[in-house]
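Asker: 3D model of this:
(one chain, ligands or ions: 1)
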Amino acid sequence: MSGLVVTLLVVFAVAGLLRWWRPTWYWLTFGATFAALRVLVRYSSVMDACRLTVPPSRWRMALARFANRPISQPRVPRLLRLRPTRTGLVLRLKLCPGQDAFDVAAATDRLRHSFVMYRVMSQEVRSGVVELRMTGYDVLKRVQMPSKVDRASMRVPVALREDGSVHYRDYRAVPHALTIGATESGKSVYLRNLVAELAKLDVALAGIDCKQGVELFPLARRFSALADNSDTAADLLDALVSRMGGVYQLIRAEQRIAADVPDAEIAADIWDLPDDLRPTPVVVVVDEVAELALVASKDEEKRRDRCVTALVRLSQLGRAAGIYLEICGQRFGSELGKGITMLRAQLTGRTAHRVNDESSANMAFGDIAPDAALAAIHIPPDRPGVAIAGDSTGGWSRIRAPHISLRQVVNVCNRYAHLTPDLPELAPFRPALPHSAKAPAPAVETAPTTV
Ligand SMILES: Nc1ncnc2c1ncn2[C@@H]1O[C@H](COP(=O)(O)OP(=O)(O)OP(=O)(O)O)[C@@H](O)[C@H]1O
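Answerer: Numbers count the residues shown, from 1 in each chain. As a prediction, this is how the structure comes out:
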C-alpha cells in the first residue's frame, strides 16, 4: 500500500515539475490524457453552463407529456471527434438546430476556463460543424516547432500559431509580404527563420540589407546576390526587373510552341513550364526598407524613385516570373514618399511584430484587418518575436518564430551553399565569400599595448 502511495506521489511530483519546466513534455506525457478525460466527463454539463444547449424539440416534449415521463434534458451539440495534438485538443461539434458558429465563438472564453485549457478558438469547418482548437499551455512562451512539418514547394514553416498549428509562408499563395515592427521586436529573428528554411529549397536568394549588411552578409554563401547600400540596391532591383522581362519572354516563347500542339497546356507562369525549362524562383529579402526611401539630396531622390519603381514593378508582375518579395522594416507608410502605398497594396502577406503606435499597426493591417492592428499594439514588450500575421482575406493569428541565433542560420546557409544558383543577371551582385572561405584566418588581433 505504502509502495502505491509513494509511486503516486512520485508521478504527481514529476508531472508538476514537467508542467512548470517543460510544458510541451508535460502535455505529451500527462496533460493530453488528463484533459481528454476532463472534457469527456464534463462535456454535457460544461455545454449547459456555457449556454450551448437548446431545449428539447416539441415532439419530444409532447411524447414525454403523453407518456407521463420527465421532460428530456436540453440538447447538447454532438461531439463528433476528440483528437489530442502535441499542444492541445481538437473537438469537432455538430451544432443543434438553431445554433450557429457565432454562439460557439462567443462562448470560447467560458469553455476555456470550464475545461481548464490555456486557450480555446473556434472555427466553422462546414455548415453546422464547428471545430474547437484548444491549447493546453502557452505554446508561444518557448516555441518548439514540430519535428514533422508539411513542407511543399515554396511553402516554408516559419513560426507557431497560438492554437499550436504551424504558420507557413506560402510564396505561391501569397507572393509578396511585408513585415514590420519596432526596434527589438523580433523582425531579424523572424527573417532568420525564413532564410534558414528557404536555404533548403531550390530557390535563389537575393538580399538588400541597408543595415550595412550586418544581417544578411554573414549568410552570403547561400545568397546569389547581395546589396548593402542604396546605390547597389537600385542596380540589383533593376537587374531583377530585367530578369523578370527575360522570364516573361521565355514563357511567351513556350506559349507560342504550345499553341500549335492540340491539348497542350499553355503556361501562364513559371510553375506551368516543364521542369527542365523552369527558371529558378527568386526570393528578394529587403531588410530596413525605409533606408531605400529616405533622401537628403536630388541625386538620392532619383535613386529612391528607381528603387521604389523597381519594387512596384516586381510586386505587380513578379509572381508569374517566380520573383517574390519579402520586405521588412520598422514603418512602411506614405511618409516614405510616393509609390509606397501602391507597393504596400501589392504586399498581401502582412506580419506585424510589436509596434509603438496605432499608425504603425495600421500600416500593416489598416487596409485588411483593423482588429489585427489593435492586437499588434497590445503585444507585450517582454515577448519579442510575438507577431500578428494576417492575409488579404481579413483573417489573422498570433504567431511566434522559434528563437534562432545568427550563428545557427549561418551554419544552415553554409550547409546548403551548394544549392546557391548562379543567375547571369545577378552575377555582378554575387557576394564575395567570407574571408575564411578563401584564405586562412588572419592572425588574431591583439589588444594595443600601452607604452
Ligand atoms: N522569437 C523569439 N523568441 C525569443 N526571443 C526573441 C525572438 N525574436 C527576437 N527575440 C529576441 O529579441 C531581441 C530583438 O530581436 P531582433 O534583433 O530580431 O529584433 P529587431 O526587430 O530585428 O530589432 P532591430 O530593428 O533593432 O534590429 C533579441 O535579443 C532576440 O534574441
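Asker: what does this structure put close to the ligand?
Answerer: 181, 183-189, 384-385, 400-401, 403 (Cβ under 6 Å from any ligand atom). Glycine gets a C-beta too; all of them are placed from N, C-alpha and C.
Asker: at 8 Å instead, please
Answerer: 143, 159, 181-193, 211, 215, 288, 330, 353, 384-386, 400-405 (Cβ under 8 Å from any ligand atom).
Asker: could you pick out the buried ones from the residues you listed?
Answerer: With burial judged by 16 or more other Cβ atoms under 10 Å, the buried subset of those is 143, 159, 181-182, 185-193, 215, 288, 330, 353, 384-386, 400-402, 404.
Asker: next step: the residues you listed restricted to helices.
Answerer: 187-193 (DSSP state H).
Asker: ok, Met121 - how many residues close by?
Answerer: 18 (other Cβ atoms under 10 Å).
Asker: begin at 55 from now on, thanks
Answerer: Understood, numbering begins at 55; the last thing we discussed is Met175.
Asker: so it, which of the three states?
Answerer: strand (DSSP: H, G, I helix; E, B strand; the rest coil).
Asker: now Leu145
Answerer: Leu145 - assigned by three-state DSSP - is strand.
Asker: so who does it touch?
Answerer: The contact partners of Leu145, taken as Cβ atoms under 8 Å, 6 or more residues apart in numbering, are 93, 133, 135-137, 185-186, 188.
Asker: now swap in Gly182 and tell me
Answerer: 148-149.
Asker: so what does it look like in phi/psi?
Answerer: With angles defined as degrees, to the nearest 10, Gly182 sits at phi 80, psi 0.
Asker: low-confidence stretches in the chain?
Answerer: Residues of the chain meeting the criterion pLDDT under 70: 55, 445-448, 488-505.
Asker: break it into its domains for me.
Answerer: Annotated domains of the chain cover 69-189, 209-487 [automatic domain parsing].
Asker: deepest-packed of those, please.
Answerer: Among these, domain 209-487 has the highest mean neighbour count (mean count of other Cβ atoms under 10 Å), at a mean of 19.
Asker: chain center to that one, what's the gap?
Answerer: 13 Å (Cα atoms, centre = their mean, to the nearest Å).
Asker: over to stretch 186-199?
Answerer: 15 Å.
Asker: skipping adjacent residues, who's closest to whichever residue of the stretch 405-505 of the chain sits closest to the ligand in space?
Answerer: Nearest residue of the stretch 405-505 of the chain to the ligand (Cβ to the nearest ligand atom) works out as Gly439 at 2.2 Å. The shortest distance from Gly439 to any non-neighbouring residue, by Cβ to Cβ, 6 or more residues apart in numbering, is to Gly240 (3.7 Å).
Asker: one step back: could you dump the ones in helices among the buried ones among the residues of the chain next to the ligand to JSON lines with distance to Arg367?
Answerer: Compiled in JSON lines, those are given as follows (distance: Cβ to Cβ, whole Å):
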{"residue": "Lys241", "distance to Arg367": "25"}
{"residue": "Ser242", "distance to Arg367": "27"}
{"residue": "Val243", "distance to Arg367": "30"}
{"residue": "Tyr244", "distance to Arg367": "26"}
{"residue": "Leu245", "distance to Arg367": "23"}
{"residue": "Arg246", "distance to Arg367": "28"}
{"residue": "Asn247", "distance to Arg367": "28"}
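Asker: okay then, goodbye and thanks.
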